[in-house]
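Asks: Task: produce atomic coordinates for the following.
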Amino acid sequence: MLAIVGIFLVFAAVIGGFLMEKGHMAVLLQPAELLIIAGAGVGTLLVANPVRIIKAIVAALTGILKGSTYTKERYLSTLKMMYQFLNKVRKEGLLAVEMDVEKPAESAIFKNYPDFLQDHHSLDFVCDTLRTAITGGVEPFDMDQMMELDMEVHHSEASQPCDSLNTVADSLPGLGIVAAVLGVVITMGSLGGPPEEIGKHVAAALVGTFLGILFCYGLVGPLASNMRKLADEHNEYLHVLRVLLLAFLKGSAPMIAIELGRRAIPAHARPGFDEMEKHCKNKTDAPEAAAA
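Replies: Residues are numbered from 1 along each chain as shown. Model (predicted):
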């Protein structure tokens, strides 16, 4: 939602300033120039990228409109889930969670956290790590290397749509110049005609340059930057999971592992220790209290 507000402000400020200077909106309405720039921009995107990158860009743009999901509440929910999961492992052993790992959609723990179930890469990250631990024979150092490799591969793949969209943004000023040059060519062809007609052609050419620069720095460039930040946020989320899983596999108690994970959360979304402890233990202690 904030991205929509920002886009609206960009265009409102530019158009509003133009109108304040007694400009005429009709001059900016140049469908031919818009077709040249927007069409060529989309064309360069299709030429430079495979279908999977195009789909990833569309999905990432949808994510921008929804906003970041990695809030304090999301991290608290994840810490609580992992605390319940690690407690089960500590009490019953790794084999007790084998079915949770193999069929997470049917897991009694995972089913209570639909946001995590829908985050397929994070779910696979946790399940693959625990599946390897259940198999046995892998040292914590090697497990850490596997998790780090998984994160690097995913982050590299998640960065490709950002780089592709940023490339399109960089090309838009040049495409604006292309539109302007075509406008100049048309203008030169109309020399000797009425001054009003020549003026309209010059205005159309300048609008082409204007649109190319505006779309680059006011729309596509910021969207690519936002996409990269969302990709970085997901990588930070995986890092939290990596830290707490590694701590537990090294022999730390569940609450200590969760605390290490909390320390890895970015400062803007990090809950306090008391808040985290209360949130994690409430639900797991409730059945015991009811039984008592």
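Asks: packing partners for the longest helix seen in the chain?
Replies: If you go by DSSP state H, the chain has its longest helix at helix 140-189. Helix 140-189 sits against helix 31-48, helix 51-66, helix 120-135, helix 195-215, helix 221-249, with contacts defined as 3 or more C-beta pairs under 8 Å, 6 or more residues apart in numbering; DSSP states H and E. Placement of C-beta: from N, CA and C, glycine included.
Asks: what's the pLDDT at residue 70?
Replies: At residue 70, the model reports a pLDDT of 91.
Asks: Surely it is in contact with residue 238?
Replies: No. Applying C-beta atoms under 8 Å as the test, residue 70 and residue 238 come out as separate, 10.5 Å apart.
Asks: Where does pLDDT dip in the stretch 151-292 of the chain?
Replies: Along the stretch 151-292 of the chain, segments meeting pLDDT under 70 span 283-292.
Asks: Relative to residue 92, how far out is the nearest residue in space to residue 83 that is not next to it in sequence?
Replies: Spatially, and ignoring its direct neighbours in sequence, residue 83 is nearest to residue 280 (4.2 Å; C-beta to C-beta, 6 or more residues apart in numbering). Counting by C-beta to C-beta, to the nearest Å, the separation of residue 280 from residue 92 is 18 Å.
Asks: how close does residue 29 get to residue 238?
Replies: As for residue 29, its distance to residue 238 is 47 Å (criterion: C-beta to C-beta).
Asks: Comparing residue 280 and residue 92, which residue is more hemmed in?
Replies: More crowded of residue 280 and residue 92, by other C-beta atoms under 10 Å: residue 280, with 23 against 10.
Asks: what's residue 108 sitting at in phi/psi?
Replies: phi -60, psi -30 (degrees, to the nearest 10).
Asks: Not counting sequence-adjacent ones, nearest residue to it?
Replies: Nearest to residue 108 is residue 100, by C-beta to C-beta, 6+ apart, at 7.6 Å.
Asks: can you check residue 211 too?
Replies: residue 37 is the one closest to residue 211 (C-beta to C-beta, 6+ apart), at 5.3 Å.
Asks: can you pull the contacts of the one you found?
Replies: Residues near residue 37 by C-beta atoms under 8 Å, 6 or more residues apart in numbering: 172, 175-176, 179, 208, 211-212, 215.
Asks: and which of the residues you listed is nearest to residue 23?
Replies: Nearest to residue 23 among those: residue 211, at 14.7 Å, using C-beta to C-beta.
Asks: Chain neighbours aside, what residue packs nearest to the most centrally placed residue in the chain?
Replies: The chain has residue 230 as the residue nearest its centroid, 2.9 Å off, counting by C-alpha atoms, centre = their mean. Leaving aside its sequence neighbours, residue 230 sits nearest to residue 63 (C-beta to C-beta, 6+ apart; 5.8 Å).
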